[in-house]
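Chemist: Structure for the following, please:
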Amino acid sequence: MRTFFTKALQICDNFMVYLEEIRIDSVRMKIETSTAIKKRTTRVGAASNRIAYFTALPFWRNKNQVILNWVAATVSLIFVDAPNGKAFSNQGNGVYVSDGSVSDTQNALNSVPAGSTVQIPNGNYTWSSTVTVNTGVSLQGQSVGGVTITDNAGASPVIQIVKSANQITTLSNLTIQPGNQTYHHLGIYGTYGLQPVLIHDCVFNTDGNEGAITWQSNGGVIWNCTFNCSNLNFDGGGIQLKNSDTSDPSWSTPDTMGVADSNGSRNTYIEDCTFNYLIDQCLDFDDNSRTVVRHCTFNNSGCTSHGADTSPIGNRHCEIYNNSFIFTQSGGSFPLNINYFVLLRGGTAVFFNNVIPAISSETWGQKAGILFGDFNISLVPNSVPCQTQYPSFHQLGQGWNNGQVSDPVYLWGNSGGGDYDNPGLDQFSPDACGSNQQVSNYIQAGRDYFTGTARPGYTPYTYPHPLRSGSQQSLLAQPVPTPTPQAPPPPTGLHVVS
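Modeler: Below is the predicted model:
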């Protein structure tokens with residue numbers, strides 16, 4: 001579109017030269033021409049004004065009409081040559097530049113070839129509707145820190161990415177800040193077997209009315225991103241890792257922890273990111289999620305998970321290692337009311353080589369940095385009956401191998417003075433199930449978790465993730481293991497009422 005306006009402006013300038021060179025017989029024509037030229041010199045803004053100037057010219061005699069016909073024909077050719085309604089331009093090497101608006105960015109994403117990149121020029125933009133990336137095209141800001149988007153998309157993500165079957169999709173170099181939205185800034189969707197999504201060098205700012213990302217599909221890499229929350233009383237706002245599709249076999253298939261994720265496409269990797277003041281849910285490991293968190297900084301921010309309680313399936317597994325956790329004890333608005341650094345409520349995990357201090361202050365007292373819970377014994381579950389026998393459905397320290405099996409959590413090599421060698425237990429109350437089940441009977445050291453001992457046979461996956469270097473253009477999907485059908489556990493503790 002920029003090329004189009006450049007051509008149009010050149011034609012306007014050339015035409016004015018012709019006008020000035022033409023000898024006008026009539027005094028009337030001289031006056032009108034002079035007036036028109038003066039108008040032209042004051043209308044130096046949009047190219048559309050210069051083109052509109054043609055229509056304001058008086059009717060010319062035959063010899064001058066020839067010139068007008070030539071100009072009109074040339075302008076018509078430019079309009080025909082220009083993309084129909086498209087302002088984005090082709091910069092070569094598979095890069096297309098939009099004008100930064102929702103409509104033009106969406107038009108570019110829909111129009112350019114798969115594998116291309118749509119670039120947003122540096123600047124500040126307000127988007128009031130969702131931009132959808134679903135054709136294997138990547139979206140990036142012109143430079144790191146150069147593009148800021150205010151999210152006014154209401155109850156929908158301002159950007160949603162649907163995974164491609166053939167192309168890796170990348171989102172980069174964007175800062176997204178809150179506007180009037182009430183949902184996550186970014187949504188990632190797609191079933192397993194599709195190509196990963198990569199997100200890097202982005203900043204996600206929240207204010208307590210929304211989250212940053214809802215990641216509803218396993219597989220992908222997030223790195224060099226920063227997550228900030230301006231509301232120090234808000235307990236969420238980071239990355240929700242959740243896929244509640246009951247047809248997804250993720251929970252009922254063997255784990256893909258460490259190098260078991262053979263080509264790095266089965267788990268979601270969060271690397272070298274910083275989380276600032278997202279008190280209790282900077283990360284939320286939820287339904288079917290398989291997540292690796294490494295080399296990140298958690299600044300007064302805590303991570304949580306969901307089991308098969310308020311969620312129907314719960315976390316499958318997470319790997320948390322080589323991270324630094326920070327708790328600020330005093331000064332200004334500190335200490336914040338952080339309840340934990342990590343709360344795990346289902347599936348299995350490894351937690352090692354982290355720096356994690358004690359959560360201790362005069363204001364809030366002593367709290368457990370690592371907290372384990374089993375809420376489906378007290379909180380009426382979403383998809384199964386209240387649990388009354390060990391092991392409970394998808395509880396902490398459980399995994400899958402042709403059925404639900406013991407798969408303990410392992411914690412080792414941590415430092416910083418926290419209680420990582422003595423995790424706390426979260427007894428949910430009130431007891432909505434009314435069965436007086438105690439979490440201490442369901443989660444026990446030496447059975448459901450081990451401290452000071454590495455997970456047997458475990459080797460971390462390659463760091464940094466190979467996709468960060470761009471050395472792999474795509475990852476062929478691994479075959480999805482066939483899940484073993486699993487019926488919900490039958491109700492227990494029933495009795496006949498006469």
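Chemist: ok, how many other residues are close to the residue nearest to residue 407 when sequence neighbours are not counted?
Modeler: Among residues not flanking residue 407 along the chain, residue 399 sits closest, at 2.8 Å (Cβ to Cβ, 6 or more residues apart in numbering). Heads up, the C-betas are built off the backbone N, CA and C, glycines and all. For residue 399, the tally of surrounding residues (other Cβ atoms under 10 Å) stands at 19.
Chemist: Looking at residue 399 now. What's its pLDDT?
Modeler: On pLDDT, residue 399 comes in at 98.
Chemist: What of the one 10 residues further on?
Modeler: You'll see residue 409 listed with a pLDDT of 98.
Chemist: and if you look at residue 71?
Modeler: For residue 71, the predicted pLDDT is 42.
Chemist: likewise residue 333?
Modeler: On pLDDT, residue 333 comes in at 93.
Chemist: other SSEs contacting the helix or strand containing residue 284?
Modeler: Using DSSP states H and E, residue 284 falls within strand 283-285. Here strand 283-285 touches strand 239-241, strand 290-294, strand 303-305, going by 3 or more Cβ pairs under 8 Å, 6 or more residues apart in numbering; DSSP states H and E.
Chemist: Find out how far it is from the centre of the chain, if you would.
Modeler: The chain centroid and the centroid of strand 283-285 are separated by 13 Å under Cα atoms, centre = their mean, to the nearest Å.
Chemist: next one: stretch 402-414
Modeler: In terms of Cα atoms, centre = their mean, the centre of stretch 402-414 is found 28 Å from the chain centre.
Chemist: before we move on, what about stretch 230-248?
Modeler: Here stretch 230-248 is found 11 Å from its chain centre; the criterion is Cα atoms, centre = their mean.
Chemist: okay, it in CSV with CA atoms only?
Modeler: Only the C-alpha atoms of stretch 230-248 are listed here, as CSV (Å, rounded to 0.1, in the frame of the first residue of the first chain):
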residue,chain,number,x,y,z
SER,A,230,0.1,-4.1,38.8
ASN,A,231,-2.5,-5.3,41.3
LEU,A,232,-0.6,-6.6,44.3
ASN,A,233,-3.7,-8.2,45.8
PHE,A,234,-4.5,-10.3,42.7
ASP,A,235,-3.6,-14.0,42.9
GLY,A,236,-3.6,-14.9,39.2
GLY,A,237,-2.7,-13.5,35.8
GLY,A,238,0.2,-15.6,34.4
ILE,A,239,0.0,-18.7,32.2
GLN,A,240,-2.9,-21.1,32.5
LEU,A,241,-1.9,-24.5,31.1
LYS,A,242,-5.1,-26.4,30.5
ASN,A,243,-6.7,-28.7,28.0
SER,A,244,-10.1,-29.9,29.2
ASP,A,245,-10.8,-31.9,26.1
THR,A,246,-11.8,-35.3,27.5
SER,A,247,-10.8,-36.9,24.2
ASP,A,248,-7.2,-35.8,24.8
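Chemist: quick one: residue 156 from residue 107, how far?
Modeler: When distance is defined by Cβ to Cβ, to the nearest Å, residue 156 is 19 Å away from residue 107.
Chemist: Which residue of those two possesses the greater neighbour count?
Modeler: Between residue 156 and residue 107, residue 107 has the larger neighbour count (other Cβ under 10 Å), namely 20 against 15.
Chemist: Please settle this for me: is that one part of a helix?
Modeler: Yes - when DSSP: H, G, I helix; E, B strand; the rest coil is applied, residue 107 is found to be in a helix.
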